[in-house]
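Peer 1: coords please:
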Amino acid sequence: MQTVRSIYLFHAPNPLINPLRNLLFVPILIVMKKFRLLCAALAGTLIYVLISLSGGTDGFWAKKQLQEQKRLLSARTQQIQNITDGLELEFTALENDPDVIAAFARKLGYIRDGEKAVRINGLMTDRDFDFETGTPLKAAEPYTLPEWFCKAFALAVFAVVYALLLLDDYRKGRFRSKDTLIRGISVYDLPQV
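Peer 2: Here you go, the predicted model:
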């Protein structure tokens, strides 16, 4: 009984020399093509992740800038809180303690009945009160690498790695065939006698 099957052959004159090589050549090319694509995609993705983690919008660099802003804002908030506590203490003392009221009135230049005010020229007066309320501090957006830059750089790395792997395969001769490939030649399986 004879069966006919069609396979890919390398050697036209003698197709039965190495049929295993003929059967495995096409799947190996497909695997190599997928391997090149996967390696290039892996390299591009790895570069994208590293760039995004280090300098992207949610990366370490932006986090460090935001932590520094948080530290500055916390210090400024503490200064303003200290000023507020001092002013509240003075306000409470001015409402309740007559000695504090009298001292504050003297600072303003008021005197009691029977007291005489003596002013010396050239000395600073306490009338110019300087209440420090703090300086405004605005939160700024952290400087980061734009997302389009991260993606474009990763895509460029993908293209370069794919081209290098493709050139390496070409250099190793995986695309050249030393023999002519003849497709679709029928091979007969003859029973052994």
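
Peer 1: number of residues surrounding the spatially closest residue to Val157 that is not a sequence neighbour?
Peer 2: Of all residues not flanking Val157 in the chain, Ile47 sits nearest, at 4.5 Å (C-beta to C-beta, 6 or more residues apart in numbering). Glycine gets a C-beta too; all of them are placed from N, C-alpha and C. Close neighbours of Ile47, defined as other C-beta atoms under 10 Å, add up to 18.

Peer 1: thought Ile47 was touching Ala152?
Peer 2: No: between Ile47 and Ala152 there is no contact under C-beta atoms under 8 Å: 10.9 Å.

Peer 1: the residue nearest to Val157: which element?
Peer 2: Applying DSSP states H and E as the criterion places Ile47 in helix 19-55.

Peer 1: list the buried residues for the following helix or strand past that helix?
Peer 2: Next helix or strand after helix 19-55 toward the C-terminus (DSSP H and E): helix 60-96. Of all the residues in helix 60-96, those buried under the rule 16 or more other C-beta atoms under 10 Å are 61-62, 69.

Peer 1: report the contact partners of the residue nearest to Val157.
Peer 2: 153-154, 157 (C-beta atoms under 8 Å, 6 or more residues apart in numbering).

Peer 1: can you select the buried ones among the residues you listed for me in PyMOL?
Peer 2: Only the buried entries of those go into this PyMOL selection, using 16+ other C-beta under 10 Å:
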select buried, resi 154+157
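
Peer 1: restricted to helices, list the contacts of Ile47.
Peer 2: 153-154, 157 (DSSP state H).

Peer 1: which one among those residues gets closest to Gly55?
Peer 2: Of all the ones in helices among the contacts of Ile47, the one with the least separation from Gly55 (C-beta to C-beta) is Phe153, at 10.5 Å.

Peer 1: how close does the closest one sit to Ala105?
Peer 2: Plainly put, Phe153 is 70 Å away from Ala105 if you go by C-beta to C-beta, to the nearest Å.

Peer 1: okay, now Ile111: neighbour count?
Peer 2: Count around Ile111 with other C-beta under 10 Å applied: 11.

Peer 1: hang on, it in a strand?
Peer 2: No: looking at Ile111 with DSSP: H, G, I helix; E, B strand; the rest coil, it is coil, so not inside a strand.

Peer 1: now it: phi and psi?
Peer 2: phi -130, psi 160 (degrees, to the nearest 10).

Peer 1: with Ala140 instead?
Peer 2: The phi/psi pair for Ala140 (degrees, to the nearest 10) reads phi -110, psi 150.

Peer 1: and it, what's its pLDDT?
Peer 2: You'll see Ala140 listed with a pLDDT of 82.

Peer 1: and the gap between the closest residue in space to it that isn't next to it in sequence and Ala163?
Peer 2: Nearest residue to Ala140 in three dimensions, chain neighbours excluded: Gln69, at 7.0 Å (C-beta to C-beta, 6+ apart). According to C-beta to C-beta, Gln69 and Ala163 sit 43 Å apart.
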